[in-house]
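[1] Would you be able to build a 3D model of this:
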Amino acid sequence: MEKTYSLTAHYDEFQEVKYVSRYQSGTLPNGFALQLGAGAKKRRGGLPRWSRREVCLLSGLVFAAGLCVILTCMLVLKYLAAEGDSYCLEGCQEKKAFLRASRFLSANMDATIDPCQDFYSFACGGWLRRHGIPEDKLVYGTIGAIAEQNEAKLRALLSRPVRRRARASAERKVKEFFRSCLDRAEIDRLGPRPMLEVIGECGGWDAPPERRDINELLYKTQGVYSAAVLFSLTVSLDERNTSRYVIRIDQDGLTLPERTLYLGQDEESEKILAAYRVFMERLLTLLGAEHVEQKAQEILQLEQHLANITVSEYDDVRRDVGSMYHKVTLAELQSITPTLKWKRLLDRIFHDNFSEEEEVVLLATDYMHKVSDLIRVTPSRILHNYMLWRIVVVLSEHLSTPFRDAIHELSKEMEGNEKQLEPGKICLSQANKHFGMALGALFVEEHFSSASKAKVQQLVEDIKYILDQRLDELDWMDEETRRAARAKLRYMMVMIGYPDFLLKPEAIDKEYEFEVDEKTYFKNILNSIAFSIRLSVKKIRQEVDKSVWLLPPQALNAYYLPNKNQMVFPAGILQPTLYDPEFPQSLNYGGIGTIIGHELTHGYDDWGGQYDRHGNLVHWWTERSYSKFLKKAQCIVNLYDNFTVYNQRVNGKHTLGENIADMGGLKLAYYAYQKWVREHGPEHPLHHMKYTHDQLFFIAFAQNWCIKRRSQSIYLQVLTDKHAPEHYRVLGSVSQFEEFGRVFHCPKNSPMNPVHKCSVW
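    This next block holds a predicted model:
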């Protein structure tokens, strides 16, 4: 009130000064004239008379006084405005942010639906009703909107002039690479020539017998073009001893994403297989092959043989890492696959002279034995063409428009996307893939603050604290296992935002020590692949650095690595609306908090739980506790087995790890939010919303997964994705959490509050 009164008083003064100034050369009102003229000379026998000079002086004084008052008022007003801004800075910013949050949540919801009947439709019904899937996308959701915002920021950064033009500058390289990719005229002018050169160097289609050296071509596919042929060959952490790197060999070599697609078990897989055959024939024709139909059929039949001996990724054997892991010497590997010359191959790729006692990790012993038999009975011409085809598959997306059109047609049949991505989006994707850290450095410099990093770090610590508490509350876990679980939690490495070396341009340059020219896109790709192979090869004799990031900071993703016991949350996912430092904490804990809890729980799911605090593949559970864990996990398997999408049954075993993480992450984040409220007090209500912040927490969680998919893509999602469909990620999690039923007052045995619930963490 004092500020208001003061402003009024100054305003009144200002009005009176203007009035005096206006009448200074005429007759003044008596009262006012007497007041101003109290000390003036008086004429004898009457009222005082003023000389011309005195009138001028008085007028000047009045004018000066008025001017001073005006300036004073302006300063006061400015001060009051500043004082008001300062006073409002926190309150008004919070009010605006809360209003934004309220509008976002309300627009996505459908309040006509009972949250206790179908919480997903309640939380996401408005969004699903208002949004379609863009023509160039297979899937679109609230997270997709964040991706679009990030993409717009990245493309703007790439379009800016280069600041560091030195030959070694990673900033120059990523921008020139991006421009080389956008130069469609030059790429189309070259047509198939870049790929024909590669094919020629590898002997060409139907190479004569003297040029069909399978072991030589294996070197080129695996060691030059990074194409998995018959098997994969990688440098990875030794999962039994994560202080060292080891060569790892596993099943691989299929072009389609799942082995069952080759077997024609249903109408959908037969349709995909037919589309793949057409795709093969189109590319073989573009690349000058003869007898195209015969070649396509022969290559396809070989891949079908591989599919028959490949074990599905969601088979029990593939989920038990310990049973897959076999460390063998080169001599033993040679006896398992006698048709391959392992020492020659590895010596050439790794520029080394390995002894026969050198150990490698073999993850698919039976498969490799069968591959050796397959090589022996397959004509060398067909093997040769198959290996060339695998190189073509890796590189064809970087060729001219007819190749991209063929890729799009196959994708359309498999997943249903109506329109190709525009060149700018394709080239941004390639820049992210080949220059992730260089582009990430530009992103974090402008779009992620150290303050946000610190706030997210605190949120992570709160959630870890809750898990530590939860360990004491688990009646199925004995004390010995509890101590090991707690040790794993305390050793867990958390990396947020970006790696520190991104703040040093010279350090970024060292990540990309290969040539780039904005006129040679295909050559840029080959240079990048060759450099990545060199980096992998060097690792085999290097000390392990567990702080290395697998994703660049702009990635809209997060991950937990069991063999490093490491969680990573890049800056790209720490963006509105998943995380906004100005939003209510109920939304941040329900948004990014549940994702943090999800990744944390991965350290204790059916996969991550096989690794100890150092990331080693060690069984740290007592048999009693592990048996109880498996029983509780089976409850979740059964729950998700009962969910169906488009007449496809969700595979509860295949999605088990992600379902455990979803459920555990929701609980941990909710209890962490309760901890925050106890420490900071209740939050202000959201404008125009009748929901409590506890309810808003769950709404925010559900709205992470407001997503639409094309019906064709759902077939592949259920078949290949380790995550359950989004609808069931929400329903499966909230319905099994006692606190959800309490917060929304759901009657017992309603769909979202069943009497019998599954719970692990």
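[2] How about the contacts made by L617?
    When the contact criterion is Cβ atoms under 8 Å, 6 or more residues apart in numbering, the partners of L617 are E239, R240, V321, G322, Y325, N563, Q610, Y611. (Each C-beta comes from the backbone N, C-alpha and C, glycine too.)
[3] which non-adjacent residue is nearest it?
    Spatial nearest neighbour of L617, chain neighbours left out: E239 (4.2 Å); criterion: Cβ to Cβ, 6 or more residues apart in numbering.
[4] tell me the pLDDT at Q15?
    What the model reports for Q15 is a pLDDT of 31.
[5] part of a strand, is D250?
    Yes. Assessed by DSSP: H, G, I helix; E, B strand; the rest coil, D250 belongs to a strand.
[6] so T242, which of the three states?
    Classified using three-state DSSP, T242 is strand.
[7] so the nearest residue to it once chain neighbours are set aside, which of the three states?
    Using Cβ to Cβ, 6+ apart and skipping residues adjacent in sequence, the residue nearest T242 is G615, 4.3 Å away. Following three-state DSSP, we place G615 in the coil state.
[8] how close does G615 get to N241?
    According to Cβ to Cβ, to the nearest Å, G615 stands 10 Å off from N241.
[9] For the closest residue in space to Y715 that isn't next to it in sequence, what are phi and psi?
    Among residues not flanking Y715 along the chain, E268 sits closest, at 5.0 Å (Cβ to Cβ, 6+ apart). E268 adopts backbone torsions of phi -70, psi -40, taken as degrees, to the nearest 10.
[10] What about E268, how many residues nearby?
    E268: 17 surrounding residues under other Cβ atoms under 10 Å.
[11] And for K370?
    K370: 18 neighbours (other Cβ under 10 Å).
[12] what's it in contact with, if anything?
    K370 is in contact with I309, counting by Cβ under 8 Å, 6+ apart.
[13] how about the host helix or strand of it: buried residues?
    Applying DSSP states H and E as the criterion places K370 in helix 365-377. Residues of helix 365-377 classed as buried: T365, Y367, M368, K370, V371, S372, L374, I375 (neighbour count, 16 or more other Cβ atoms under 10 Å).
[14] Adding pLDDT and neighbour count, write the contacts of L617 out as CSV.
    What follows is the contacts of L617, written out as CSV (pLDDT from 0 to 100; neighbours: other Cβ atoms under 10 Å):
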residue, pLDDT, neighbour count
E239, 92, 23
R240, 93, 15
V321, 87, 15
G322, 87, 11
Y325, 93, 15
N563, 93, 21
Q610, 93, 20
Y611, 94, 23
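[15] Which members of those define the maximum pairwise distance?
    For the contacts of L617, the farthest-apart pair by Cβ to Cβ is G322 and N563; their separation is 12.7 Å.
[16] so the closest residue to M477 other than its chain neighbours is in which element?
    Among residues not flanking M477 along the chain, S625 sits closest, at 5.1 Å (Cβ to Cβ, 6+ apart). Using DSSP H and E, S625 sits in helix 623-641.
[17] Just the helices from the stretch 301-450 of the chain, written as ranges.
    316-319, 321-324, 330-336, 342-350, 365-377, 380-395, 401-415, 423-434, 436-447, 450-473 (DSSP state H, counting those that start in this stretch).
[18] Of those helices, which is nearest P570?
    helix 436-447 (7.9 Å).
[19] Need the contact partners of that closest one.
    So helix 436-447 is contacted by 150, 153-154, 157-158, 170-171, 173-174, 431-432, 497-499, 502-503, 505, 508, 511-512, 549, 551-555, 570-572, 575 (Cβ under 8 Å, 6+ apart).
[20] What subset of the residues you listed is buried?
    If we count by 16+ other Cβ under 10 Å, those have these buried: 150, 153-154, 157-158, 170-171, 173-174, 431-432, 497-499, 502, 505, 508, 511-512, 549, 551-555, 570-572, 575.
[21] which ones are touching R344?
    Listed by Cβ under 8 Å, 6+ apart, the contact partners of R344 are N215.
[22] do the same with P576
    P576 is in contact with I146, F583, counting by Cβ under 8 Å, 6+ apart.
[23] what secondary structure does it sit in?
    coil.
[24] any idea how far P499 is from it?
    23 Å.
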